[in-house]
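3D, please:
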Amino acid sequence: MTPAITLVKKHSVDHKIHQYQHDPDSHSYGQEAAEKLGLNPTQVFKTLVIKLDNEELVVALLPVSCMLSLKSLAKAAGSKRAIMADQANVERTTGYLQGGISPLGQKKRLRTFIDSSAQKHATVYISAGRRGLELELAPTDLGRLSQGSFTHLGTHSQ
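Okay, here's the model as predicted:
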């Protein structure tokens, strides 16, 4: 049981847990989840941790089929610039390992921004806190539990 799963259970959120065999050679964790679980990539959301120009770390959630616009995220966060955060700092701050970083149940709660495309789906899939483990839940529950803001974050390929 991961902290993310514990959190959804604690709040009695309707959810499903999906498991698959993670391939250690895979580096696109979200895309791997979509393929192995037979899911639409627009419904599978990757968790990216970004560092703003004031050193604050924030979470960006967007479909694995999209590219993050750092400019859009910086604007949404009220910052001038944003860069990808250092992996060691991300793992230390969230308590999760890369490829299994969940937006829920992090050691330190980070401000969270969710791509508004999530609201088009009845459910979305996010990392449950470990490679090979996905959590399916309603976007409204994701927003509530993460205290996330819905905004445009990426360029959509579909």
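
Any idea which residue is closest to the centre of the protein?
Geometric centre of the chain, nearest residue: Thr47, 2.7 Å, by C-alpha atoms, centre = their mean.

List the contacts of the closest residue to that one other than its chain neighbours.
Spatial nearest neighbour of Thr47, excluding adjacent residues (C-beta to C-beta, 6 or more residues apart in numbering): Ile101 at 4.7 Å. Placement of C-beta: from N, CA and C, glycine included. Contact analysis of Ile101 by C-beta atoms under 8 Å, 6 or more residues apart in numbering lists 47, 49, 90-91, 94, 127, 129.

CA-only coordinates of stretch 115-126 in PDB, if you can.
Taking C-alpha atoms only, stretch 115-126 is exported to PDB below (Å, rounded to 0.1, in the frame of the first residue of the first chain):
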ATOM      1  CA  ASP A 115      -4.200  20.100 -17.300                       C
ATOM      2  CA  SER A 116      -7.800  21.100 -17.900                       C
ATOM      3  CA  SER A 117      -8.200  18.300 -20.400                       C
ATOM      4  CA  ALA A 118      -8.700  16.000 -17.400                       C
ATOM      5  CA  GLN A 119     -12.100  17.500 -17.000                       C
ATOM      6  CA  LYS A 120     -13.200  15.900 -20.300                       C
ATOM      7  CA  HIS A 121     -12.900  12.400 -18.800                       C
ATOM      8  CA  ALA A 122     -15.100  10.500 -16.300                       C
ATOM      9  CA  THR A 123     -11.900   9.100 -14.800                       C
ATOM     10  CA  VAL A 124      -8.200   9.600 -15.200                       C
ATOM     11  CA  TYR A 125      -5.200   7.500 -14.400                       C
ATOM     12  CA  ILE A 126      -2.300   8.700 -12.200                       C
END
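
buried residues in it?
By 16 or more other C-beta atoms under 10 Å, the buried positions in stretch 115-126 come out as 115, 117-118, 123-126.

which residue sits farthest out from the middle of the protein?
Furthest out from the centre of the chain (C-alpha atoms, centre = their mean) sits Lys80, at 22.3 Å.
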